[in-house]
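*Asks:* sharing a sequence plus its predicted fold:
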Amino acid sequence: MKYDVVVIGGGPAGLAAAIRASEGGASVLLIEREARLGGILKQCIHDGFGVVRFGEKLSGPEYADRFVKQLKQTNVQVSLFSFVTRTVKRGKTYQITYVCKDGLVNVECDKIVLATGCRERTKNAIGIHGDRCAGVYTAGAAQNLVNILGIMPGKKVVILGSGDIGLIMARRFTLEGANVVGVYEAKPTPSGLTRNIQQCLNDFDIPLHLSKTVTRIFGTDRLQRVEISDVDEQMRPIAGTETLVDCDCLVLAVGLIPENELARELKVPLDPKTKGAIVDQNCQTLADGIYACGNALHVNDLVDYVSESGEIAGGDSAQHGLSRDLRKIEAAGKLLYVVPQRLDVNSRLDKVVMYFRASEELTNQRLTVTADGETLFTRVYGKLLPPEMERIVVDFGKAKALNDITITLEDK
């Protein structure tokens with residue numbers, strides 16, 4: 001079987017990419033490993049999705065359903081319960097092998113869109129010692145148990161990590177009658193959005209403890225208590241500060257990592273800062289014909305931007321453009337990262353969407369985009385927080401030259 005585009009992943013990014021590629025005239029196959037489309041949105045029953053795109057607060061399933069309905073109006077072929085096992089390049093095309101209910105299937109395509117999302121860090125990834133007992137979950141696993149399966153993982157809960165999903169689960173546990181002892185964060189500042197700090201913790205009187213982390217787990221069959229320690233500026237536990245906290249459930253919300261096993265198999269260069277692929281303004285990686293979007297590209301705060309990058313990738317994958325001429329975009333000053341990291345000067349330049357994060361909590365900053373010393377874009381920010389991703393649109397088409405492109409964040 002031969003397709004123009006194969007989209008791997010049926011979450012919000014994959015749905016958007018498949019729809020846009022099909023609308024562009026491409027024959028599209030969408031591969032999803034779960035039984036239903038929607039990705040992580042299926043278990044996100046809280047609202048707040050779609051504010052940017054639809055101008056209203058939707059739950060995760062409601063947001064996903066809008067795209068699933070659009071998908072059904074296209075000619076996209078969907079393969080559910082399908083797991084990709086191998087991707088290789090054969091001449092000018094790619095061969096994808098996946099396992100589904102029909103057995104082993106091989107398909108060929110001209111373009112691949114990687115919309116594989118991200119995965120959670122576990123207790124082993126952050127070096128928590130102690131017993132291997134029941135009651136320790138990642139935040140996503142706990143969310144699935146409560147929201148999808150209707151199972152309460154515990155009654156007395158400690159949450160490690162103040163990322164958005166950890167904050168949301170603190171509220172969710174409280175609403176279900178559990179006692180959330182507290183949310184503990186190793187960093188000196190919270191990792192989640194400001195609105196979630198207010199709505200999920202402050203509104204429910206759930207304490208937030210900064211510069212503290214879990215260092216040991218105690219329990220024979222079931223978790224009984226955890227050891228909490230203060231940490232220094234390098235987030236290393238400080239000896240002598242240990243305290244014991246009784247609990248029967250530990251929820252880990254300690255970060256997300258873009259899922260890029262397939263990208264590595266295809267030898268796609270990755271950005272060490274984002275942990276995702278290096279891409280141009282069309283979300284095409286440095287490997288021609290391979291695209292990355294959504295949380296597989298970099299971890300987003302809002303699903304609206306996940307869908308946006310999916311549409312960018314899907315739209316371009318349906319085109320038969322000119323050969324690329326890539327220029328590097330340098331991130332300077334107090335920037336943590338910038339996406340895209342490359343600019344294709346042979347592609348559309350007038351409305352380039354760029355995302356960035358500050359490296360630390362900052363006030364009164366000026367963001368400047370220059371090309372060969374010519375200022376193309378500038379904006380002043382009163383306050384920037386690393387957990388809150390920023391989005392700008394830059395017109396590179398007005399530049400006289402595009403050899404030395406720099407985006408800088410510095411004091412106003």
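*Replies:* Happy to help now that I have it. None of these values were measured; they are calculated from a predicted model. Residues are numbered from 1 along each chain as shown.
*Asks:* output the below-cut-off pLDDT ranges for the stretch 301-412 of the chain.
*Replies:* Across the stretch 301-412 of the chain, nothing is flagged by pLDDT under 70.
*Asks:* for it, just list every one of the helices.
*Replies:* Along the stretch 301-412 of the chain, the segments classed as helices by DSSP state H, counting those that start in this stretch run 303-317.
*Asks:* okay, now the domains of the protein?
*Replies:* Domains of the chain are assigned by automatic domain parsing as 1-119+256-321, 122-254, 324-412.
*Asks:* ok, residue 297 touching residue 337?
*Replies:* No - using CB atoms under 8 Å, residue 297 is not in contact with residue 337; the gap is 11.0 Å. Every C-beta, even on glycine, is put in place using the N, C-alpha and C of the backbone.
*Asks:* what sits in contact with each of the two?
*Replies:* residue 274 (CB atoms under 8 Å, 6 or more residues apart in numbering).
*Asks:* number of nearby residues for the nearest residue to residue 274 once chain neighbours are set aside?
*Replies:* Nearest residue to residue 274 in three dimensions, chain neighbours excluded: residue 298, at 4.0 Å (CB to CB, 6 or more residues apart in numbering). By other CB atoms under 10 Å, the residues close to residue 298 number 26.
*Asks:* so which of the domains of the chain is the most surrounded?
*Replies:* domain 1-119+256-321 (a mean of 20; mean count of other CB atoms under 10 Å).
*Asks:* beta partners for residue 256?
*Replies:* residue 120 (DSSP bridges).
*Asks:* I'd assumed residue 118 was in contact with it.
*Replies:* Yes - between residue 256 and residue 118 there is a contact under CB under 8 Å: 4.3 Å.
*Asks:* please enumerate the shared neighbours of the two.
*Replies:* Shared contacts of residue 256 and residue 118, counting by CB under 8 Å, 6+ apart, come down to 295, 299.
*Asks:* that's a helix at residue 144, yeah?
*Replies:* Yes - counting by DSSP: H, G, I helix; E, B strand; the rest coil, residue 144 is found in a helix.
*Asks:* give the contact list for it.
*Replies:* The contact partners of residue 144, by CB under 8 Å, 6+ apart, come to residue 43.
*Asks:* same question for residue 86.
*Replies:* Residues near residue 86 by CB under 8 Å, 6+ apart: 95-97, 265.
*Asks:* one more: residue 368?
*Replies:* Counting by CB under 8 Å, 6+ apart, residue 368 makes contact with 375, 377-378, 407-408, 410.
*Asks:* widest-spaced pair of those residues?
*Replies:* Farthest apart among the contacts of residue 368 by CB to CB are 377 and 410. That separation is 14.3 Å.
*Asks:* in the stretch 251-400 of the chain, which spans are strands?
*Replies:* Remark: strands assigned in the stretch 251-400 of the chain by DSSP state E, counting those that start in this stretch are 256-258, 290-292, 326-333, 335-339, 342-344, 352-358, 362-371, 374-384, 390-394.
*Asks:* tell me which of these sits nearest to residue 191.
*Replies:* strand 256-258 (10.7 Å).
*Asks:* for the closest one, what does the pLDDT average out to?
*Replies:* For strand 256-258, mean pLDDT is 94.
*Asks:* who does it touch, helix- and strand-wise?
*Replies:* For strand 256-258, the packing partners by 3 or more CB pairs under 8 Å, 6 or more residues apart in numbering; DSSP states H and E come out as strand 118-120.
*Asks:* show me what the following helix or strand past the strand it packs on is packed up against.
*Replies:* Helices and strands here follow DSSP states H and E; after strand 118-120, the next one along the chain is strand 129-130. Under the contact criterion of 3+ CB pairs under 8 Å, 6+ apart, strand 129-130 touches strand 212-219.
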